[in-house]
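Trainee: what would the 3D arrangement of this be:
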Amino acid sequence: AVTRTEARVLKVTLAGETLRLRFSPPVDGVAAELLAQVRATIADAFGLSDAELDRLVCRYLDDEGDVCLLIPGSVDDWLSLNPEGPLRLRCELPAAGSARRPCADSDHAVQRRGL
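Mentor: So this is what the prediction gives:
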């Protein structure tokens, strides 16, 4: 379970634009709930439609410089890498029809993909 109570800043890059967003993680929320809230915050800020939100893919850098897919199973890893300061994400919207969100709704172990 994710335990975070303080308001945080999400620093999100999408389509070449970077925004700093205020984010209040749920208290004692589960990773899937926190991830859903992160995605909703990003969708609201960038004006994404529901279809675009479904295609949204978010990644973060781990402590070894690897680019990791943010999924429910990696939320704790992402938060532990950023105990203070902004929570950084690199997001993309794959083209419709080619959208594939590997493990996006599962709770598998951390998925890593180098870019």
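
Trainee: distance of the closest residue to residue 92 other than its chain neighbours from residue 30?
Mentor: Of all residues beyond its chain neighbours, the one nearest residue 92 is residue 57 (5.3 Å), with distances taken as CB to CB, 6 or more residues apart in numbering. Where you see a C-beta, it was placed from the backbone N, CA and C, and this is true even at glycine. Separation of residue 57 from residue 30 (CB to CB, to the nearest Å): 21 Å.

Trainee: show me which of those two is the more surrounded one.
Mentor: Legend: neighbour count by other CB atoms under 10 Å for residue 57 and residue 30, higher for residue 57 (19 against 14).

Trainee: shouldn't the more buried one be in contact with residue 89?
Mentor: No - the criterion here is CB atoms under 8 Å, and residue 57 misses it with residue 89 at 10.0 Å.

Trainee: other SSEs contacting whichever strand or helix holds residue 21?
Mentor: Element membership of residue 21 [criterion: DSSP states H and E] is strand 17-23. Counting contacts by 3 or more CB pairs under 8 Å, 6 or more residues apart in numbering; DSSP states H and E, strand 17-23 is packed against strand 8-14, helix 31-46.
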